[in-house]
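Novice: attaching a predicted model along with its sequence, questions to come.
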Amino acid sequence: MSSHRPVVSDGISYWNQQQANIDGVLGGFGTGTLPRVDATGSRLFLLNLYPELCKVPSAIRPLNPSPPNRLYRALDVGAGVGRVTSDVLLPLVDHVLLLEPVTPFIQEALASAANWPTLTSKQKSVTFIQGILQAFDPCTPLCPLSNVPDSEMKFLARIGSPDEQLSDIDSGFDVIWCQWCLGHLDDPDLTSFFQRSRNALRNIERGKSLIIVKENCCADAEDGGPRIIFDKDDSTYTRSDMAWKAAFKKAGLRLIREQVQEGLPEGLYPVRMYALK
């Protein structure tokens, strides 16, 4: 276990110094194959778990699917400039709530959203909220935790299908997507966030709603136990596979599928996808 802990202000300060574009949020890997490979792997991982979201005839799509009786909603936390929302979630669901604390990133996402192909029909929407993950409650997205400093949740806009009253804002989520951001949470904050997310899952009685974690993984400890590495540059933890699984168990989540993301550039940490209920 690292003796250091992530500090919110240090992490935001680091990201404020990076370019507000895909290359910036991906650490210089935004102009190669990584964005396409990553997004394709994410969509396929989600569709194999949630085939009802498939929009086109394929081996994944159920035969003679019943018309959906409601709109599907997803949450994208630590969303950066909106890459996952645009390329992974919006092609599959109807509404996305995007949460991001770094001002240049969320402003770039907001500016580019009008050009996202899946939003041009006005049948889908993205709601933009600026705030830190440590204070965010997916059950009540606009009401931050009162015991967390700098906990304001700032509603910026809803782009796409209109709903000026935000009548669905507290209605929970079918998919909660967490990618390359949970390293900014220490263990108590991570457990708390997972528990709040579990409470925000919709349709839980039928076992469909999911939390997806997609994160870098360092090697486990020599004895096979959990391991955590602290990076002082961006004030984050990199957790090993066993450390992630220990965190899921502590939060009361059940791991139903895991997969390594293939096709990423050499020299990077392995990236694993975890599906949780």
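Specialist: Thanks, I have the structure now.
Novice: what about the strands in this structure?
Specialist: Applying DSSP state E to the chain gives strands spanning 73-77, 95-100, 125-130, 154-160, 175-179, 210-216, 228-231, 236-239, 255-260, 271-276.
Novice: what's the angle from the fifth one to strand 210-216?
Specialist: In terms of direction (axes from the mean of the first three to the mean of the last three C-alpha atoms, to 10 degrees), strand 175-179 departs from strand 210-216 by 10 degrees.
Novice: helices or strands up against strand 175-179?
Specialist: Under the contact definition 3 or more C-beta pairs under 8 Å, 6 or more residues apart in numbering; DSSP states H and E, strand 175-179 sits against strand 73-77, strand 210-216. (C-beta placed from N, C-alpha, C; glycine too.)
Novice: tell me the most buried of these?
Specialist: strand 73-77 (a mean of 26; mean count of other C-beta atoms under 10 Å).
Novice: pull the CA atoms of that one into CSV?
Specialist: Extracted C-alpha coordinates of strand 73-77, given in CSV (Å, rounded to 0.1, in the frame of the first residue of the first chain):
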residue,chain,number,x,y,z
ARG,A,73,-29.7,6.2,-19.5
ALA,A,74,-25.9,6.1,-18.9
LEU,A,75,-23.5,8.0,-16.6
ASP,A,76,-20.0,8.9,-17.8
VAL,A,77,-17.8,10.0,-14.9
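Novice: what's the average pLDDT for that strand?
Specialist: For strand 73-77, mean pLDDT rounds to 97.
Novice: what's the neighbour count on residue 118?
Specialist: Residue 118: 20 surrounding residues under other C-beta atoms under 10 Å.
Novice: if we can go back for a sec, could you dump the helices and strands packed on strand 175-179 into TSV and include distance to residue 230?
Specialist: Formatted as TSV, the helices and strands packed on strand 175-179 follow (distance: least, C-beta to C-beta, whole Å):
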stretch	distance to residue 230
strand 73-77	21
strand 210-216	13
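Novice: now do the contacts for the nearest residue to residue 225 once chain neighbours are set aside.
Specialist: Distances taken as C-beta to C-beta, 6 or more residues apart in numbering put residue 242 closest to residue 225, at 5.9 Å, once the chain neighbours are dropped. Shown in contact with residue 242 (C-beta atoms under 8 Å, 6 or more residues apart in numbering): 220-221, 224-227.
Novice: buried subset of these?
Specialist: Neighbour-count burial (16 or more other C-beta atoms under 10 Å) is assigned, among the contacts of residue 242, to 220, 226-227.
Novice: quick one, helices of the chain?
Specialist: 8-16, 22-25, 34-49, 83-84, 103-112, 187-199, 241-250 (DSSP state H).
Novice: quick one, the first one and strand 95-100 angle?
Specialist: Which is helix 8-16. 100 degrees.
Novice: reformat the buried ones among the contacts of residue 242 as JSON lines; add pLDDT.
Specialist: Shown next, in JSON lines, are these (pLDDT from 0 to 100):
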{"residue": "220", "pLDDT": "98"}
{"residue": "226", "pLDDT": "97"}
{"residue": "227", "pLDDT": "98"}
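Novice: nearest to residue 35, out of the strands of the chain?
Specialist: Of all the strands of the chain, strand 175-179 sits nearest to residue 35, with 12.1 Å by C-beta to C-beta.
Novice: of the strands of the chain, which is nearest residue 117?
Specialist: Across the strands of the chain, closest to residue 117 is strand 154-160 (C-beta to C-beta), at 11.7 Å.
Novice: who does that closest one pair up with?
Specialist: Here strand 154-160 has these sheet partners by DSSP bridges: strand 125-130 (antiparallel).
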